[in-house]
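J.: I'd like to go over a predicted model; first the sequence, then the structure.
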Amino acid sequence: MKKFNIGDKVRLISGSPIMTVKGYQNYLNKNLKESTESDTDVVCEYYSDKENRFVKKTFHQDTLEKFD
């Protein structure tokens, strides 16, 4: 079951920059030649001052908490 919606602000429970949920990871099933969306792997985006750009990373939803 999905815990977050696109646009939610989240961070890692262990601490991280504030990130924006971009969606859930899609996986390609090569046998069926179709894409399946994960219910647990969340794609997040945040701005990295160190890299001077936006970075997208995927995290399991149980490692994230909603930031208000």
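T.: It's in.

J.: In contact with residue 23, which residues?
T.: 6, 37, 42-43 (Cβ atoms under 8 Å, 6 or more residues apart in numbering). (C-beta placed from N, C-alpha, C; glycine too.)

J.: Would you check how far apart the residue lying closest to residue 9 once chain neighbours are set aside and residue 18 are?
T.: Nearest residue to residue 9, sequence neighbours excluded (Cβ to Cβ, 6 or more residues apart in numbering): residue 67, at 4.4 Å. Per Cβ to Cβ, to the nearest Å, residue 67 is found 5 Å from residue 18.

J.: Sheet-wise, list the partners of the longest strand along the chain with their directions.
T.: Using DSSP state E, we find that the single longest strand of the chain is strand 34-48. With DSSP bridges as the test, strand 34-48 is paired with strand 19-29 (antiparallel), strand 53-60 (antiparallel).

J.: For the contacts of residue 23, name the two members farthest from one another.
T.: Comparing all pairs in those by Cβ to Cβ, the longest separation belongs to 6 and 37, at 11.9 Å.

J.: my guess is residue 46 meets residue 12, correct?
T.: No. Using Cβ atoms under 8 Å, residue 46 makes no contact with residue 12, being 10.4 Å away.

J.: if I look at residue 45, how far off is residue 31?
T.: 31 Å.

J.: Looking only at neighbour counts, state which of the two leads.
T.: Taking other Cβ atoms under 10 Å, residue 45 and residue 31 do not tie; residue 45 has more neighbours (13 against 6).

J.: Provide a list of residues in contact with the more buried one.
T.: 19-20, 22, 54-57.

J.: Apply 10 Å and report the result again.
T.: Counting by Cβ atoms under 10 Å, 6 or more residues apart in numbering, residue 45 touches 19-23, 54-57.

J.: Over to residue 24?
T.: Contacts of residue 24 by Cβ under 10 Å, 6+ apart are 2, 4, 6, 37-43, 58, 61.
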